[in-house]
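Participant: Sequence and predicted structure below; questions after.
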Amino acid sequence: MKNWLKSVISIKNWQVKTKVTTIIVLVALIACTVLAFMKPSQAEMEAQASPQMQKWIERDQTLERKRVTTTYNNMIVINYISFSTSGANGVTEKYVGFAGQIHDATEGAWETTGQMVNYTYRMLGVGENLMHGAKLTILLTVLSIILGVILGIILALGKIAKNPILRNLSSAYIFFFRGTPLLIQLFVVYFTVPGVCGFAWKSLFPGDPEAVYKGAFVAALIAFALNSGAYCAEIVRAAIQSIDKGQAEAAKALGMSYGQTMRKIIIPQSIRRMVPPICNEFIMILKDVSLIFAISLMDITTISKTIMTAEGSYLVFIPALVIYLIITAFFTYIFNKVEKKFSVYE
């Protein structure tokens with residue numbers, strides 16, 4: 001009776017939490033939609049420039065060399081625009097558009113708000129290709145973990161194989177990549193391997209204006225996949241060996257081969273045990289991707305450091321932290337749902 005009451009209370013609490021969460025999400029979506037419609041347009045923001053700045057902008061349209069640099073950032077519910085002139089006596093004007101109003105962002109709280117919008121926009125890589133900002137961070141993490149899991153399965157099967165050569169090779173690989181720093185592995189792949197083999201990563205993309213960045217991305221992907229493969233191998237091995245040996249013996253008694261036993265009996269059951277640690281490995285790789293600043297790939301960390309160096313503002317690291325936190329929270333939420341679905345105790 002007590003257990004039944006606890007189950008009923010638990011279900012009701014879960015339903016209340018779900019309703020509250022749904023209401024909060026709906027209110028947030030409605031608020032964002034309203035603010036997005038109220039947000040000033042780009043033309044309205046550009047019209048805020050002073051008469052002198054407007055003259056310089058009009059003059060630039062007839063000249064090859066531009067004097068005024070215009071930066072416009074659109075962040076759905078808020079936008080930001082800045083006008084800056086070159087030269088020793090350069091002039092800068094900044095404006096923030098929010099809730100139907102346009103505010104001067106040259107000083108005070110609106111200046112800080114404008115900086116945050118500008119920094120966040122640049123780190124997210126809005127308007128850029130996949131080789132920029134948050135998109136690069138997520139793309140590299142997802143591809144690394146996919147390749148790492150595939151490699152990890154191969155290594156795990158090799159480590160528990162009866163063949164001593166396969167077992168020793170797999171064990172040596174896992175020991176090496178788990179026992180050396182990821183940053184050094186990245187340097188070896190990016191610098192040492194091309195130096196020894198006599199090629200450049202950018203040569204993989206001849207004629208591409210972004211060949212340097214794409215080559216660096218390939219090198220980073222290889223380094224992270226090799227490293228993740230070693231950790232995933234131990235996760236897969238532990239999951240496989242946690243399955244009761246009696247099931248393998250029963251499969252053998254039924255005439256099933258080793259490959260059939262692993263493919264049809266052992267691995268399907270061990271998947272449930274692999275999910276939580278692999279999800280954790282994904283989060284670890286997501287944060288470790290920040291190391292690619294060392295090879296000048298423009299992820300969130302590299303862009304924030306570049307902004308800090310150029311503008312001398314340490315505020316840039318605040319939106320960087322928030323972006324990482326949001327990305328981590330999003331994937332953690334998804335992984336929690338996946339873990340519940342594949343829970344061993346269901």
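Facilitator: Yep, that arrived.
Participant: From now on I want contacts and neighbour counts done on CA atoms only, so please keep to that.
Facilitator: Will do.
Participant: ok, then the element right after the helix or strand of the chain with the lowest mean pLDDT?
Facilitator: Ranked by mean pLDDT, DSSP states H and E, the weakest helix or strand in the chain is helix 2-38, scoring a mean of 74. Per DSSP states H and E, the first helix or strand lying C-terminal to helix 2-38 is helix 42-46.
Participant: How far off centre is that following helix?
Facilitator: In terms of Cα atoms, centre = their mean, to the nearest Å, the gap separating the centre of helix 42-46 from the centre of its chain is 32 Å.
Participant: State the mean pLDDT of that helix.
Facilitator: On average, the pLDDT along helix 42-46 is 90.
Participant: got it, and stretch 86-103?
Facilitator: 86.
Participant: Regarding it, how distant is the last residue from the first?
Facilitator: 24 Å (Cα to Cα, to the nearest Å).
Participant: same check, this time on stretch 188-197
Facilitator: The separation between the terminal residues of stretch 188-197, taken as Cα to Cα, is 12 Å.
Participant: what comes up buried for it?
Facilitator: 189-190 (16 or more other Cα atoms under 10 Å).
Participant: and if you look at stretch 202-212?
Facilitator: By 16+ other Cα under 10 Å, the buried positions in stretch 202-212 come out as 202, 211-212.
Participant: before we move on, what about stretch 147-158?
Facilitator: 147-149, 151-158.
Participant: Next: stretch 238-256.
Facilitator: Neighbour-count burial for stretch 238-256, counted by 16+ other Cα under 10 Å, picks out 239-240, 243, 248, 251.
Participant: In helices, which of the residues you listed appear?
Facilitator: In this view, the buried residues of stretch 238-256 that belong to helices under DSSP state H are 239-240, 248, 251.
Participant: I'd like these written out as TSV, with pLDDT added.
Facilitator: Formatted as TSV, those follow (pLDDT from 0 to 100):
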residue	pLDDT
Ala239	87
Ile240	84
Ala248	77
Ala251	80
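Participant: Closest one of those to Ser50?
Facilitator: Taking Cα to Cα as the measure, Ser50 lies nearest Ala239 of these, at 66.3 Å.
Participant: Tell me how many other residues crowd the residue lying closest to the closest one once chain neighbours are set aside.
Facilitator: Once flanking residues are discounted, Ala239 sits nearest to Ser270: 5.1 Å by Cα to Cα, 6 or more residues apart in numbering. Neighbour count of Ser270, defined by other Cα atoms under 10 Å: 20.
Participant: From Ile240, how far out is Ser270?
Facilitator: 5 Å.
Participant: One more: Thr92?
Facilitator: According to Cα to Cα, Thr92 stands 63 Å off from Ile240.
Participant: Mind giving me the packing neighbours of the host helix or strand of Cys279?
Facilitator: Secondary-structure assignment from DSSP H and E places Cys279 in helix 267-288. If you count contacts as 3 or more Cα pairs under 8 Å, 6 or more residues apart in numbering; DSSP states H and E, helix 267-288 packs onto helix 133-159, helix 211-241, helix 317-341.
Participant: And these: which comes nearest Leu286?
Facilitator: Of all the helices and strands packed on helix 267-288, helix 133-159 comes closest under Cα to Cα, at 5.4 Å.
Participant: Give the other helices and strands that that closest one contacts.
Facilitator: Under the contact criterion of 3+ Cα pairs under 8 Å, 6+ apart, helix 133-159 touches helix 108-124, helix 164-179, helix 211-241, helix 267-288, helix 300-311.
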